[in-house]
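Novice: Task: produce atomic coordinates for the following.
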Amino acid sequence: MYPGTWAQQTPEKIALVMAGSGRSLTYRELDERSLRLAHHLQDIGLQPGDVVTIVSDNTPEAYEVYWAAVRSGLYVTFVNNHLSTDEMAYIVENSGAKALVISARVPAARALAFAGETMAFGGSAEELRAEGYADYETVLAGASAEPLADQPRGEDMLYSSGTTGRPKGIKRSMTGLQVDDPGGDGIAEVASQLYGFSQDVVYLSPAPVYHAAPLKYGAAVHTLGGTLVMMERFDAQGFLEAVQRFGITHTQVVPTMFVRMLKLPAEVRAAYDLSSLQCVIHAAAPCPVDVKRRMIEWFGPIIMEYYASTEAMGGTFIDSATWLEHPGSVGKPMLGPVHIVGEDGRELGAGEVGTIYFERPEGRTFSYHNDPAKTAEAFHPTEDWTTVGDLGYVDEEGYLFLTDRKAFMIISGGVNIYPQEIEDVYSLHEAVSDIAVIGVPDEEMGERVVAFVEPAPDAVPGPELAEELRTYARERIAHYKVPKEFIFSDDLPRTPTGKMVKGKLKARYDEMRDLAHA
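Specialist: From the prediction side, this is the model:
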């Protein structure tokens, strides 16, 4: 199923509404507008397998472009709208895009130079034409609304967040199905079976639409005929207000959103009626144990967690009741058996930390676009297993626990240190708004532990706070894990989906060191 299915059955039902502005699309409108854009893309020469790229804020047009591509057999690439123009240009060029759609509200996107078809929405038509962009609304008005004779199901080709290097396009093979064939939307099947998504779902999406989970879970809502409520951007109190106002039944968040909600004043948290919530899903990053336990106490045992990746070659799942019995776990496999592998490529035993691999599901494959070397690194040298480079272990009962990204692990004095464990210690500290731990070169130990800290608004950065944080950690973790340095910063480079861009922090530290020695 897809929006066209529901345009026939429930044409005036709201398919998408913006939580802030109230802008909305009915299923009839979403179907017709995506159909018109699909016709236009065909008219300008795009063929199945070609790529259309979009740079957008959270807005209804994002899903018009998505469904136009998916009903045309195209790949659709969403670009992080927080990137610089040069960073955006790299992805647009690397993707091989034949058409580019942008939101005029993203200044960096308006500066892109692109040789193919360009369209823009959200701005003055005259100004956009002067900048070389066709006006999106004019394009749609001039395109056919006749049914398409053939609607091969397209795919997304999303790019990794680039937390440790250049973003990589994750390209999966096409299914060969028509857009309305059963089984075409795997996320919709999972959401229905695990989380109870149906035609009655009212799903709140608080995260940027360019990220995999918000994009594809929103599309799953449309596949199943529910209503998608999108926040323009996340803020903790606004999230609670949206749940109450729209009668939200399901939502998906990242752990940093939990932390921000928990740090709201108690009277604010108590002021909203959250009784409509049936399921709160979280993923994208490991959740500190104390944070999740407090969220379950507040929201009830409706919090579900999965561990997966954009590559979609494996995943795990755990519900609240099971998590309370196995705190810190991300569950058991729901897609492909899991294997923990050591540096020598051999499988490790229970409790031993190594690289997490999943057996590749039959018939599924992917590649990193234009990067065969990176693709090869993702596969085990002798088994049909894949990895995204995360580290973890499996306990005696088969539950998976994450430790950190392999690229983030610190080796100090020959001992492995996982920054996530240290960061979790501070997750609810009243003086810490955000924290990131990295390893930096050390002549004696190889690496030493350094913490970048964004202080809470009423905290005073300086030696006294550093000593308070150091003492706090010593009471909770081994002394060799306690940060040797605390660097206070007003802004840490975390993506809107909750991932810390540690490569930028390492570069920032190097600049500080060079200035100190200048």
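
Novice: Next up, the contacts around residue 195.
Specialist: When contacts are counted by CB atoms under 8 Å, 6 or more residues apart in numbering, residue 195 is found next to 250, 279, 281, 304. Bear in mind the C-beta positions are built from the backbone N, C-alpha and C, glycine included.

Novice: Separate out the buried members of these.
Specialist: If you count burial by 16 or more other CB atoms under 10 Å, the buried members of those come out as 250, 279, 281, 304.

Novice: Tell me the pLDDT of the residue positioned nearest the centre of the chain.
Specialist: By CA atoms, centre = their mean, the mean C-alpha position of the chain lies nearest to residue 211, the distance being 4.2 Å. pLDDT for residue 211: 88.

Novice: Residue 312 now?
Specialist: So, for residue 312, pLDDT stands at 61.

Novice: can you check residue 365 too?
Specialist: Looking at residue 365, the pLDDT reads 69.

Novice: One more: residue 361?
Specialist: 66.

Novice: Please apply the same query to residue 4.
Specialist: Per-residue pLDDT puts residue 4 at 96.

Novice: My reading is that it lies in a helix. Confirm?
Specialist: Yes: Residue 4: assigned to a helix according to DSSP: H, G, I helix; E, B strand; the rest coil.

Novice: Now for the nearest residue to it once chain neighbours are set aside, how many residues are close by?
Specialist: Leaving aside its chain neighbours, residue 4 sits nearest to residue 31 (4.7 Å; criterion: CB to CB, 6 or more residues apart in numbering). By other CB atoms under 10 Å, 25 other residues sit near residue 31.

Novice: Give me the mean pLDDT for the helix or strand containing residue 31.
Specialist: Following DSSP states H and E, one finds residue 31 within helix 27-43. For helix 27-43, mean pLDDT rounds to 98.

Novice: name the helices or strands packed onto that helix?
Specialist: helix 3-9, strand 14-18, helix 60-70, helix 136-141 (3 or more CB pairs under 8 Å, 6 or more residues apart in numbering; DSSP states H and E).

Novice: ok, and for the second one, which residues are buried?
Specialist: Okay, so that is strand 14-18. Under the neighbour-count criterion of 16+ other CB under 10 Å, strand 14-18 has 14-18 buried.

Novice: from those, which single one is nearest residue 218?
Specialist: When the buried residues of strand 14-18 are compared for distance to residue 218 (CB to CB), residue 16 wins out at 7.8 Å.

Novice: low-confidence ranges in the stretch 251-400 of the chain?
Specialist: 310-313, 361-365 (pLDDT under 70).

Novice: Surely residue 122 and residue 60 touch.
Specialist: No: contact between residue 122 and residue 60 fails when scored by CB atoms under 8 Å: they sit 10.5 Å apart.

Novice: Please say which of those two ends up with more neighbours.
Specialist: Ranked by neighbour count (other CB under 10 Å), residue 122 and residue 60 place residue 60 first, with 21 against 16.

Novice: residues touching that one, list them.
Specialist: Residue 60 neighbours (CB under 8 Å, 6+ apart): 16, 18, 23-25, 30, 230.

Novice: So among those residues, which ones count as buried?
Specialist: Burial by neighbour count, judged by 16+ other CB under 10 Å, picks out 16, 18, 24-25, 30, 230 from the contacts of residue 60.

Novice: As CSV, those residues with distance to residue 483 would be great.
Specialist: Shown next, in CSV, are the buried ones among the contacts of residue 60 (distance: CB to CB, whole Å):
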residue, distance to residue 483
16, 44
18, 41
24, 48
25, 48
30, 49
230, 38
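
Novice: quick one: which helix or strand includes residue 393?
Specialist: strand 390-394.

Novice: Tabulate the CA atom coordinates of the helix or strand following that strand in PDB.
Specialist: Per DSSP H and E, the first helix or strand lying C-terminal to strand 390-394 is strand 400-405. Presented in PDB, the C-alpha positions along strand 400-405 are these (Å, rounded to 0.1, in the frame of the first residue of the first chain):
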ATOM      1  CA  LEU A 400      23.100  -7.900  23.100                       C
ATOM      2  CA  PHE A 401      24.800  -5.000  25.000                       C
ATOM      3  CA  LEU A 402      26.500  -2.100  23.100                       C
ATOM      4  CA  THR A 403      29.800  -0.600  24.300                       C
ATOM      5  CA  ASP A 404      30.700   2.000  21.700                       C
ATOM      6  CA  ARG A 405      31.700   2.600  18.100                       C
END
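
Novice: Show me what stretch 420-433 is in contact with.
Specialist: Residues contacting stretch 420-433 (CB under 8 Å, 6+ apart): 255, 259, 262-263, 286, 288-291, 294, 402-404, 408, 435-437, 449, 451, 453-457, 459, 465, 468-469, 472-473, 476-477, 481-483.

Novice: Inside helices: which ones of those?
Specialist: Taking DSSP state H as the definition of helices, the contacts of stretch 420-433 contribute 255, 259, 262, 289-291, 294, 465, 468-469, 472-473.

Novice: Can you select the buried ones from those in PyMOL?
Specialist: In PyMOL, this line selects whichever of these come out buried by 16+ other CB under 10 Å:
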select buried, resi 255+259+262+291+294+465+469+472+473
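
Novice: Tell me the one of the ones in helices among the contacts of stretch 420-433 nearest residue 342?
Specialist: Using CB to CB, the ones in helices among the contacts of stretch 420-433 come closest to residue 342 at residue 289, 26.1 Å.

Novice: rewinding a little: tabulate the buried ones among the contacts of residue 195 in a markdown table, adding columns for secondary structure.
Specialist: Formatted as a markdown table, these follow (three-state DSSP):
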| residue | secondary structure |
| --- | --- |
| 250 | strand |
| 279 | strand |
| 281 | strand |
| 304 | strand |
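
Novice: Could you work out the most separated pair of those?
Specialist: Farthest pair in these (CB to CB) is 250 and 304. Separation: 9.6 Å.

Novice: Next, show the common contact partners of those two.
Specialist: 195, 279-281.

Novice: Pick out the most distant pair among the residues you listed.
Specialist: That would be 195 and 280, which, of the shared contacts of residue 250 and residue 304, are the farthest apart (CB to CB) at 9.6 Å.

Novice: Touching both of these two, which residues are there?
Specialist: 250, 304.

Novice: Quick check: residue 321 touching residue 302?
Specialist: No: between residue 321 and residue 302 there is no contact under CB under 8 Å: 10.5 Å.

Novice: So the nearest residue to residue 309 once chain neighbours are set aside versus residue 306, what's the distance?
Specialist: Nearest residue to residue 309, sequence neighbours excluded (CB to CB, 6+ apart): residue 388, at 4.6 Å. For residue 388, the distance to residue 306 (CB to CB, to the nearest Å) stands at 14 Å.
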